[in-house]
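*Asks:* mind folding the following:
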Amino acid sequence: MSAESTNTGPSTIEPYYPPVTEPTSLPDPAPAESPAKQRTLTIKVTGIERVGKKDPIIKFDVHSTLPGFRTTTFRDVRRYHKEFIRLFEHLNGNNLQCFVPSVPPPYTSFGAGSEEDEIYLKANMQKWLNKIAKSPILSRDEEIIYFIETDQDYIPLHKRRPPATGLRRKAMKQLQPPPDDCIELANFRPLVKSFYLSTQDVCSRLEAKSKAMRTLGSSINYFGKDLSDLADIEAYPAMAALWKKFGKTIMSVGDVCGVNSTCQIATLGDGLKLLSKDAYVMKETLTNRHLLMRDLLSAQQNSKSKHQTASKLRGSTQISPAKVDEAIRSLEDAKVHEENLTNQLVEITDNLLSEKAEWYTSVEAEISACVADYARRVIDAERKTLAIWEMVRPDVRNADPTGGLSRLGRSTVGPANSATAPSQGPSGDSWSGERRRPRNTSRSFAAMAPGPASTANDSESAEDTPHDIDARQAASLLAGSSF
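*Replies:* Below you'll find the predicted structure:
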């Protein structure tokens, strides 16, 4: 009995020490490859195929020097949009250490099948593929090779779920986050959640504004039809022609208003929706890290309890070899599991910290691009509206010999044939009938400022100053003055 107890070696149980969460020292990195030998993955979207509102087909070419591919070039690869969603679900579940960008929707607010919808969808899919190909972790996933090379409908070969799903995940998210040694990521998750909620609120407000603008455009169209009907009861022929043309102009303005509402939600709204989806994915990725930290805490407690059990067996007077072997085996398994979780958490933390800085830069660039596109669309709509009003100006001026504005008491307008020139120019607005004279602010302020008497020429200039300033210029001067 004593020999058996000596061979089993219960005294080989070592004292328990919690593992250190800091990354261990790694071997020296291998020398960097030369630019000619660097591994790259390049994907270029070549076209979009769509039949009605069905799932679109994305066509793209691939050039890769990464290991594992059968060849370096793949031409005319075709994948449905739903296959991209399957690839995203696999990448998001299999790579917990990465912020996987969300797949753009299969259509935009321009309307499925339109020319602009195809342009924006192609650009969005190209951005998504560029992000995947740029990531050194996502681009080397085995499913990327199968996604590109397979000739059949793509279905992931390996399915891996997050640490917790369903009701268990919802319940764990309600708990207080575990203690986090990384302050940057601990503060980053509330920021991402706030950004997600803010973009959701802005998108809802933009949708409400777009709906109101569409209603306004429809109302303007009805108003234009009613104005056109006034031509039937007008006795003066010139005014009858004016009512018809003016009614059509109003209807055109309503059409521009409706189109502008769609363009605004398609440029700024769709861009913010995509950023909101990315923020939600990032929030869930950080939640997965919290769940992994909880698993590590439970693994540490399990290892501690296993060590206490083994210590009790060592101090027992009656030692069973089978129980000792089982205790040692369970303790070793608990330590291995704890070490694996520790290494995985360190890897996830280091990689998320590096991608956090990239996210700030990419979000700033994408928001700037969306706002710039939105501003260009609004400016273009206003220019179209002004051009429409310019088209009806000759009909208004030709309504009577005095220029069409005699009923308003405008006696300073020119003859009717002067409506051919553009109304907006350096000399002012011809609709008002007033001519804008060159503004000389230096003389104006010199005449207003107190000081010694000036020469005769200066006094003459000061006397002419009131005649060189119209009402608008005088208002601007008074607004900028301080008393």
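*Asks:* helices or strands up against the one helix or strand Phe84 maps to?
*Replies:* Using DSSP states H and E, Phe84 maps to helix 81-94. In terms of contacts (3 or more Cβ pairs under 8 Å, 6 or more residues apart in numbering; DSSP states H and E), helix 81-94 is packed against strand 57-64, helix 115-134, helix 142-149. (Glycine included, C-beta is placed from N, CA and C.)
*Asks:* ok, how many other residues are close to Ala171?
*Replies:* Ala171 has 10 neighbouring residues, counting by other Cβ atoms under 10 Å.
*Asks:* any idea how far Leu87 is from it?
*Replies:* Using Cβ to Cβ, to the nearest Å, we find Ala171 at a distance of 30 Å from Leu87.
*Asks:* now swap in Pro237 and tell me
*Replies:* Pro237 sits 68 Å away from Leu87, going by Cβ to Cβ.
*Asks:* pick out whichever of those two has more residues nearby.
*Replies:* Between Pro237 and Leu87, Leu87 has the larger neighbour count (other Cβ under 10 Å), namely 22 against 10.
*Asks:* contacts only, for the more buried one.
*Replies:* 143-144, 147, 154, 156 (Cβ atoms under 8 Å, 6 or more residues apart in numbering).
*Asks:* by pLDDT, rank those and give me the bottom one.
*Replies:* pLDDT across the contacts of Leu87 is lowest for Pro156, at 87.
*Asks:* which residue, other than its chain neighbours, is closest to that residue?
*Replies:* Distances taken as Cβ to Cβ, 6 or more residues apart in numbering put His90 closest to Pro156, at 4.2 Å, once the chain neighbours are dropped.
*Asks:* who wins for most neighbours among the contacts of Leu87?
*Replies:* The residue in the contacts of Leu87 with the most neighbours, by other Cβ under 10 Å, is Ile144 (23 neighbours).
*Asks:* quick one on the thing from earlier: take the contacts of Leu87 and lay them out in JSON lines including distance to Gln300.
*Replies:* Compiled in JSON lines, these are given as follows (distance: Cβ to Cβ, whole Å):
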{"residue": "Glu143", "distance to Gln300": "33"}
{"residue": "Ile144", "distance to Gln300": "35"}
{"residue": "Phe147", "distance to Gln300": "38"}
{"residue": "Tyr154", "distance to Gln300": "40"}
{"residue": "Pro156", "distance to Gln300": "33"}
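*Asks:* and of these, the nearest to Thr42?
*Replies:* The closest of those to Thr42 turns out to be Ile144 (Cβ to Cβ; 12.6 Å).
*Asks:* give me the buried positions along stretch 172-181.
*Replies:* When burial is assessed from 16 or more other Cβ atoms under 10 Å, stretch 172-181 yields no buried residues.
*Asks:* ok, which stretches of the stretch 301-450 of the chain are helices?
*Replies:* Using DSSP state H, counting those that start in this stretch, the helices of the stretch 301-450 of the chain run over 321-397, 441-448.
*Asks:* got these as TSV, with distance to Ile57 columns?
*Replies:* Shown next, in TSV, are the helices of the stretch 301-450 of the chain (distance: least, Cβ to Cβ, whole Å):
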stretch	distance to Ile57
helix 321-397	26
helix 441-448	62
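*Asks:* quick one: closest of these to Leu185.
*Replies:* helix 321-397 (6.1 Å).
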